[in-house]
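>>> Just a sequence and a predicted model for now, questions to come.
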Amino acid sequence: MITDKYGRYVDDIRISVTKKCNLKCIYCHHEGQWQNDFNKNDEMTPDEIYKIVEIGTKFGIKKVKLTGGEPLIRNDIYEIISKISKLNEIEDISLVTNGTLLKDSVKKLVESGLKRINVSLDCLEPSIYKNITKSNNNLIPNDIIEGIKLAIAHGLTPLKLNMVVLKGVNDTEIERMIELSSDLGATLQLIELVPYREREGFLKFHVDLSNIEEKIKKSAVKTKIRELQKRMIYFLENGAIIEFVKPYHNPEFCANCHRIRVTSAGRLKPCLRTNTNLINILEPLREGKSDKELEKLFINAIECRKPYYLD
Ligand code: SAM
């Protein structure tokens, strides 16, 4: 296993498989691709994604998360999952989705070898959902919940609901989302907004989750700390499980980050918050460079990892 200059091992890779999405969430950070290579239409093939993960396994990568854009938009998402899941070193393969295409995909996702999913759902109220996602289709949260139930029934668990808390938009929905997660038997991840393309929007919507966390802590019957990014998990009396994701102004988060990213255009991305140290692995791969050369690029990406708070 390889560690970076700050002693952090890396066992987790988060791969954006497309930058295309069928929603236009007002706060989306596009997995940090809203700067440099956001306009590139290039996408990696299933074989290329497999190769990058395979290289990663030589350095201790054990967990893969597929993201986007919307990963379920890709017709070959099942092939991507199926190839990766054949790697013995990979213990966990998961996917984060907006859930809009989930219902019809569940069976094939399971058959391909997917272990679990995170579904992004910021509210239950249809008018708020429409306001956040700017979706043209007439989907409402209830349609997505149908897909979630099916996913749980097919064993894509522990299933997590991702809720980004936005001031004045969906912060009134937290209680309902806690209830929903407990009814479904899902974990609710309350996510603090991180900066995205529109600075003004960020300042308007950003909520420091500390106060909300304090309240939840008081009613928790049990707590746990997750190794990744030192996230706190609270267990409530009604069975709800709530995980806090607080990437903003949080040295603990960076100090305990064990994740590397890959952009949809095949750049190794050492940190969500910066695009100054991207490493193009796709081009050398397409040029037929040897595994040794690709491994060097992976090592370079680990070497230039730096906790964001140090900048
Ligand atoms: N389309 C998929 C989805 O909606 O889950 C995958 C891509 S989306 C960028 C991945 C996750 O990032 C979602 O859970 C989303 O809520 C979260 N996210 C997007 N922008 C964010 C921001 N500015 N701050 C915090 N989380 C954000």
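Noted; the coordinates are in hand.
>>> hey, let's count contacts and neighbours off CA atoms from now on
Fine.
>>> Show the pLDDT at N39.
Note for N39: predicted pLDDT of 55.
>>> now do Y234
97.
>>> Check W34 too.
On the pLDDT scale, W34 gets 66.
>>> buried stuff in the lowest-mean-pLDDT helix or strand in the chain?
For the chain, counting by mean pLDDT, DSSP states H and E, helix 251-255 ranks last in confidence among helices and strands (a mean of 85). Burial within helix 251-255, assessed by neighbour count using 16 or more other Cα atoms under 10 Å, is assigned to P251, E252, F253, C254, A255.
>>> before we move on, what about stretch 135-148?
I140, P141, I144, I145, G147, I148.
>>> pLDDT check: weakest of these?
Among the buried residues of stretch 135-148, I140 carries the lowest pLDDT, at 83.
>>> of the buried residues of helix 251-255, closest to C271?
Closest approach between the buried residues of helix 251-255 and C271, by Cα to Cα: C254, at 9.1 Å.
>>> Give me the nearest residue to that closest one, chain neighbours excluded.
In space, and not counting its chain neighbours, C254 is closest to P307: 5.1 Å by Cα to Cα, 6 or more residues apart in numbering.
>>> got the contact list for the one you found?
Y6, P251, C254, A255 (Cα atoms under 8 Å, 6 or more residues apart in numbering).
>>> of all those, which two lie farthest apart?
Checking these with Cα to Cα, the most distant pair is Y6 and P251, at 12.6 Å.
>>> between the buried residues of helix 251-255, which is nearest the ligand?
F253 (13.4 Å; Cα to the nearest ligand atom).
>>> From what I see, that closest one and Q229 are in contact.
Yes: counting by Cα atoms under 8 Å, F253 touches Q229, with 4.2 Å between them.
>>> hmm, back to that, which SSE is immediately downstream of the least confident helix or strand of the chain?
strand 259-262 (DSSP states H and E).
>>> Let's see the pLDDT reported for the residue nearest to C254.
Model confidence at P307, given as pLDDT, is 84.
>>> Against L297, how distant is it?
20 Å (Cα to Cα, to the nearest Å).
>>> Show the contacting residues for Y6.
So Y6 contacts A255, K306, P307 (Cα under 8 Å, 6+ apart).
>>> Those also near the ligand: which ones?
Among these, no residue lies close to the ligand (Cα under 6 Å from any ligand atom).
>>> S182 belongs to a helix, doesn't it?
Yes: membership of S182 in a helix is supported by DSSP: H, G, I helix; E, B strand; the rest coil.
>>> Can you give the distance of stretch 14-26 from its chain's centre?
Its chain's average C-alpha position is 11 Å from that of stretch 14-26, according to Cα atoms, centre = their mean, to the nearest Å.
>>> near the ligand, which residues of this structure?
27-31, 67-70, 96-98, 119-120, 162, 164, 191-196.
>>> Please repeat the previous calculation with a cut-off of 8 Å.
When proximity is defined as Cα under 8 Å from any ligand atom, the chain approaches the ligand at 16, 21, 23, 25, 27-31, 67-71, 95-99, 118-122, 162-164, 191-196, 202.
>>> where along this structure do the strands fall?
12-16, 63-67, 92-97, 116-120, 160-165, 187-192, 220-226, 231-236, 241-245, 259-262, 267-269, 279-280 (DSSP state E).
>>> With distance to K107 and mean neighbour count added, can I get these in a markdown table?
Compiled in a markdown table, those are given as follows (distance: least, Cα to Cα, whole Å; neighbours: other Cα atoms under 10 Å):
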| stretch | distance to K107 | mean neighbour count |
| --- | --- | --- |
| strand 12-16 | 22 | 25 |
| strand 63-67 | 17 | 23 |
| strand 92-97 | 14 | 22 |
| strand 116-120 | 12 | 23 |
| strand 160-165 | 18 | 24 |
| strand 187-192 | 21 | 24 |
| strand 220-226 | 29 | 14 |
| strand 231-236 | 30 | 20 |
| strand 241-245 | 26 | 23 |
| strand 259-262 | 27 | 25 |
| strand 267-269 | 31 | 25 |
| strand 279-280 | 34 | 20 |
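>>> what would the ones you listed look like in JSON lines with distance to I302?
As requested, those are arranged in JSON lines below (distance: least, Cα to Cα, whole Å):
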{"stretch": "strand 12-16", "distance to I302": "12"}
{"stretch": "strand 63-67", "distance to I302": "16"}
{"stretch": "strand 92-97", "distance to I302": "21"}
{"stretch": "strand 116-120", "distance to I302": "26"}
{"stretch": "strand 160-165", "distance to I302": "27"}
{"stretch": "strand 187-192", "distance to I302": "26"}
{"stretch": "strand 220-226", "distance to I302": "22"}
{"stretch": "strand 231-236", "distance to I302": "22"}
{"stretch": "strand 241-245", "distance to I302": "23"}
{"stretch": "strand 259-262", "distance to I302": "8"}
{"stretch": "strand 267-269", "distance to I302": "9"}
{"stretch": "strand 279-280", "distance to I302": "10"}
